[in-house]
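Peer 1: Just a sequence and a predicted model for now, questions to come.
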Amino acid sequence: MTGNWLAYLAKTFGVLLPIYGGVFAVVYAMQGRRGEKWRSVMEDLIHPIPILGAARRALALSRLAAALEALISAGVTIIEAWELAAAASGSSMLKRVVLGWKPRVLADKRPPRKSAVHDSFPNCL
C-alpha cells in the first residue's frame, strides 16, 4: 500500500464516472416524455446489445401482455385492446407491428398467421 488515495480515487472515478454518465444518458433518453421518434432511435441503438437489448425486448413484451390481459378482462374490444396494449408496452417497434395489423383485421381478414408474425414477438404467438 502506498497510501496515495488521490491516485486511487482518480483511477477509480476515471473508470466509473464515464460508465455512470453513459447509463444516466441512456435512462434520460429512454424516458416516456421524449418523442416517439427519439425513443424509436434509442430502441434501435439498444436492440443489438446482448443483455440490455434482450432485457428491453422482454420488458416491452411483458408490458404488452399484461396490458392486453387487463384490457380484455375489462371488456375492451380486441382491436382497441391491442392498440392500447401496444402503446402501453413502451416499444415503438411493437406499436408499429400491432398498428400494421389493424387495416387487415378491419378489412375482415384473418389476423396474421404464426409464420407471418413479426420478429418482435416470440415464437409462442
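Peer 2: On my side now, so go ahead.
Peer 1: other SSEs contacting the helix or strand where Arg39 lies?
Peer 2: Per DSSP states H and E: Arg39 is located in helix 36-46. Helices and strands touching helix 36-46, by 3 or more CB pairs under 8 Å, 6 or more residues apart in numbering; DSSP states H and E, are helix 5-29, helix 50-73, helix 92-106. Just so you know, the C-beta spots here come from the backbone N, C-alpha and C atoms, and that holds for glycine as well.
Peer 1: right, and these - which one's nearest Ser40?
Peer 2: Among these, helix 92-106 comes nearest to Ser40, with 3.9 Å by CB to CB.
Peer 1: tell me the angle that closest one makes with helix 50-73.
Peer 2: Relative orientation of helix 92-106 versus helix 50-73 (axes from the mean of the first three to the mean of the last three CA atoms, to 10 degrees): 40 degrees.
Peer 1: if we can go back for a sec, okay if I get the helices and strands packed on helix 36-46 as TSV plus mean neighbour count, distance to Asp44 and mean pLDDT?
Peer 2: Shown next, in TSV, are the helices and strands packed on helix 36-46 (neighbours: other CB atoms under 10 Å; distance: least, CB to CB, whole Å; pLDDT from 0 to 100):
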stretch	mean neighbour count	distance to Asp44	mean pLDDT
helix 5-29	10	12	83
helix 50-73	15	10	89
helix 92-106	16	8	80
